[in-house]
Structures are given as structure tokens and as C-alpha cells.
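J.: quick one, structure for this:
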Amino acid sequence: MHLRSWTPETLTYEQAYNTWALRLFPWEGVEKPGWSGAWVVVMAGETTTPHAHEEKEIFFIVEGSGIIRIGEQETRVSFGDSVFIDRRQEHCIINDSSEARLLFLSVWWKERAASPVASVEMT
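T.: Alright, predicted model coming up:
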């Protein structure tokens, strides 16, 4: 078993995204899988830097609320919401709270070619 915990003190400011985050990898003793992710905090009143990339991404909102903007679309998000972001879509999250942080788990991956399915004979 590999267990890793974090506290607000273990988060690192990521200037490129205007967030506080803890990336899931590298993780000592764990081989990096074909995906990556991070715990991400958007402080009260802050907005992440709008950006787009080649990876597909999903946000799992864990705490707080705000507005997610993907392209020209905006919608309110809060605890329990999951948001899929396709590659090359510009996106950002606005924490419109004056007091509470917005916490989400971000997972991203590159699209892979489909692998052939092996046939299995049933006897």
C-alpha cells in the first residue's frame, strides 16, 4: 500500500495557473501511470489562468464553489460536481467566494489510440 496525505502547508504555488497545488506524481515507490493529476486550491476571490493543452482533463470538485468557464460556456460548480474538459479547450475556474477556498482534484491524460481487444475462447 502507498498512502500520501497533504495539508495546506504542503501545497506549492503554481504561478502559471494562479493556484496552489500538489501534483500526484512523482510518487516515491510508485511507477508513473499513463495519466497524471493534482490536488488544486483556488483561493477566495481568485481565478485560474485561462489555458488550453493537448491533454483531456476532468475536475472533481471537493470543496467550495465557483464558476467554470470552458470556451464561451460558463456554469456554476460546487461539491460533488465532475467536469470533463476536452483537449485544446481553453478553460479556467473562478472562485467568486470572498472567504472560502475552492478545492478540486484534477486528472489529465493524453488520448491514446485504441488497442486491439484480444479474443478469448470460452470452453
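J.: burial count for the closest residue to Val62 other than its chain neighbours?
T.: Spatial nearest neighbour of Val62, chain neighbours left out: Leu103 (4.7 Å); criterion: Cβ to Cβ, 6 or more residues apart in numbering. All C-beta spots, glycine's among them, are computed from the backbone N, C-alpha and C. Other residues near Leu103 come to 18 when the count uses other Cβ atoms under 10 Å.
J.: any stretches of this structure with poor pLDDT?
T.: Counting by pLDDT under 70, the chain shows low-confidence ranges at 113-123.
J.: which residues are contacting stretch 16-34?
T.: Contacts to stretch 16-34, defined as Cβ atoms under 8 Å, 6 or more residues apart in numbering, come from residues 2, 4, 6, 8, 10-14, 36-43, 46-49, 51, 109-110, 112.
J.: can you say which of those are buried?
T.: 11, 14, 36-43, 46-48 (16 or more other Cβ atoms under 10 Å).
J.: strands - which of those land there?
T.: Using DSSP state E, the members of the buried ones among the contacts of stretch 16-34 that fall within strands are 14, 36-42.
J.: reformat those residues as TSV; add distance to Arg23.
T.: Shown next, in TSV, are those (distance: Cβ to Cβ, whole Å):
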residue	distance to Arg23
Glu14	9
Ser36	7
Gly37	7
Ala38	5
Trp39	8
Val40	9
Val41	13
Val42	16
